[in-house]
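**Q** Sequence and predicted structure, then a few things I'm wondering about:
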Amino acid sequence: MSQVIPVREALKLSQGEEVTVRGWVYRRRDLGDKAFVVVRDSTGIIQAVFSPSARGHDAARRVTVESSVIVSGRLRDDPRAPGGKEIQGENLEIVSLADNFPIRRDASREFLLEVRHLAVRSRKLTAVLKIRDTAFAALHEWFRTNGYYEVQAPMFVSAAVEGGATLFPVKYVDGSTVYLTQSSQFYLEALIFSLEKVYTVAPSFRAEKSRTRRHLTEYWHAEAEAAWMGLEGILKVEEELISHIVRRVLEKNHDELTFLGRDLSRLKLVEPPFPRISYDKAIEILQNKGVGIKWGDDLGADEERVLTMEFDKPFFLYGFPESVKAFYHKNDPSRPSVTLSADLLAPEGYGEIIGGGERIDKLEELVEKIKRFGLNPSDYEWYLDLRRYGSVPHAGFGLGMDRLVMWIAGLDHIVDSLPFPRTTSRTYP
Ligand SMILES: NC(=O)C[C@H]([NH3+])C(=O)NS(=O)(=O)OC[C@H]1O[C@@H](n2cnc3c(N)ncnc32)[C@H](O)[C@@H]1O
Ligand SMILES: [Mg+2]
């Protein structure tokens, strides 16, 4: 038997060459006295055909979908077969015969979520997870080549960053109540006083009340913070980072994007600089389109969707009113009613993928705003210390990696952007 090689490599061999592949039975059917077995591995699928004379013919007829197998034979060209080639099967070793696999082609989204531990084998999710892998790797690559240190922040925390409404309380071992982190931002702000430029990739938790296509209760959050950085500086970081990630996915995952039916021309437009529009301008655009919104309102998914149709690449929406942003956002000294904040919205209806901006760096201003927001400064004692000891102008952002993958892969629901999604109604499997 020849050495086992990946399916993708087997499909590059010439007709007549001996080949051995291993994986799982993706499909199986009989046609007359021949048995057709399609084998799936992490690199793709290949068909093997077993005639009655082949040693593996009996095994090929009794093997079940998702059984693990090792198949050997000789390659032959056949334009009807996946990849244009098939194995003229000699032997089929059944490593483990699968029970009756529960997933059928017409399975509902809800059922596929219920059996997600099996559904992750699908070619669609395999393609998405390869894109996700590239996106995470490219994010680390960009930060590391641009002088950012990767750091880690705690998951158990004592205070809200993004408002108390989406906190998950946890009864701690000492009987106290702590929370699952909504954002590592405050810890990154503490770390810039030594490392200056830091980032982290970790879960964030949001007890979201609304069930939407783009909200998870546990999501993967890439956050960065930089000392001496202002709003324009952090926007440049964001557009360079996102462009780098998209470039890497286009380089490495052309096959996966094509398999998912993604329009690559849209992604090829993702190069800096990204357009920037003010919140004021956004409200004007929406009102001119008949959207019932007034200045001071927050933008939800529907309003963002309308805005994204105006652009063919990601764009920044900056200068939100302080009333729709968290307390830590710095107010614009030239126009205190708005903040030095900015969201990055992905085009094609996807909307917000990044939130960030400049932080309040003066102690008195931060205490006053905490109080004005009805919060208790004593809940933020250590965070205020960062302004007592050598405060500096600084800025940062949080990128939702699942939303990023949802946009890049062209998915219609965020649950398809990660292996085991957590939503308001799902914490299984
Ligand atoms: N370091 C920072 O400056 C981050 C800041 N404290 C923060 O958490 N901003 S954010 O709430 O807009 O969330 C940031 C991003 O996190 C994503 N996000 C935010 N909430 C969710 C939910 N529920 N599900 C999935 N993704 C979510 C989304 O892309 C947001 O733009
Ligand atoms: Mg946000």
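**A** Okay, I see it. Ligands and ions are numbered 1, 2, ... in the order given.
**Q** what about stretch 124-135, average pLDDT?
**A** The average pLDDT within stretch 124-135 is 98.
**Q** To clarify, my last question referred to stretch 246-254.
**A** Regarding stretch 246-254, the rounded mean pLDDT is 98.
**Q** Over to stretch 148-164?
**A** Mean predicted confidence for stretch 148-164 is 96.
**Q** That stretch vs ligand 1: in contact?
**A** Yes - against ligand 1, stretch 148-164 shows contacts by CB under 6 Å from any ligand atom at Val161, Glu162. Using the backbone N, CA and C atoms, a C-beta is placed for each residue, glycine as well.
**Q** So what's the gap between that stretch and the chain middle?
**A** Its chain's C-alpha centre and that of stretch 148-164 lie 19 Å apart, by CA atoms, centre = their mean, to the nearest Å.
**Q** what's the span of it, first residue to last?
**A** For stretch 148-164, the first-to-last residue distance is 30 Å (CA to CA, to the nearest Å).
**Q** Would you mark the buried spots in that stretch?
**A** Tyr148, Val151, Ala153, Val157, Ala159, Ala160, Val161, Glu162 (16 or more other CB atoms under 10 Å).
**Q** Enumerate every residue touching Tyr69.
**A** Quick fix: residue 69 reads Val, not Tyr. Val69 makes contact with Arg22, Gly23, Trp24, Val25, Val37, Val39, Val63, Leu92, Glu93, Ile94, Val95, according to CB atoms under 8 Å, 6 or more residues apart in numbering.
**Q** quick one: the second one from ligand 1, how far?
**A** If I follow you right, that is Gly23. For Gly23, the distance to ligand 1 (CB to the nearest ligand atom, to the nearest Å) stands at 33 Å.
**Q** for the last one, same thing?
**A** Between Val95 and ligand 1 the computed distance is 39 Å (CB to the nearest ligand atom).
**Q** I'd assumed that residue was in a helix, is it?
**A** No - assigned with DSSP: H, G, I helix; E, B strand; the rest coil, Val95 falls outside any helix and is strand.
**Q** close enough to count as contact, it and Ile70?
**A** Yes - counting by CB atoms under 8 Å, Val95 does reach Ile70; the two are 6.4 Å apart.
**Q** Is the residue sitting furthest away from the middle of the chain in a helix, a strand, or coil?
**A** Largest separation from the mean C-alpha position in the chain: Ser53, at 48.8 Å (CA atoms, centre = their mean). At Ser53 the chain is in coil, as set by three-state DSSP.
**Q** Share the number of residues neighbouring Pro6, please.
**A** When neighbours are defined as other CB atoms under 10 Å, Pro6 has 16 of them.
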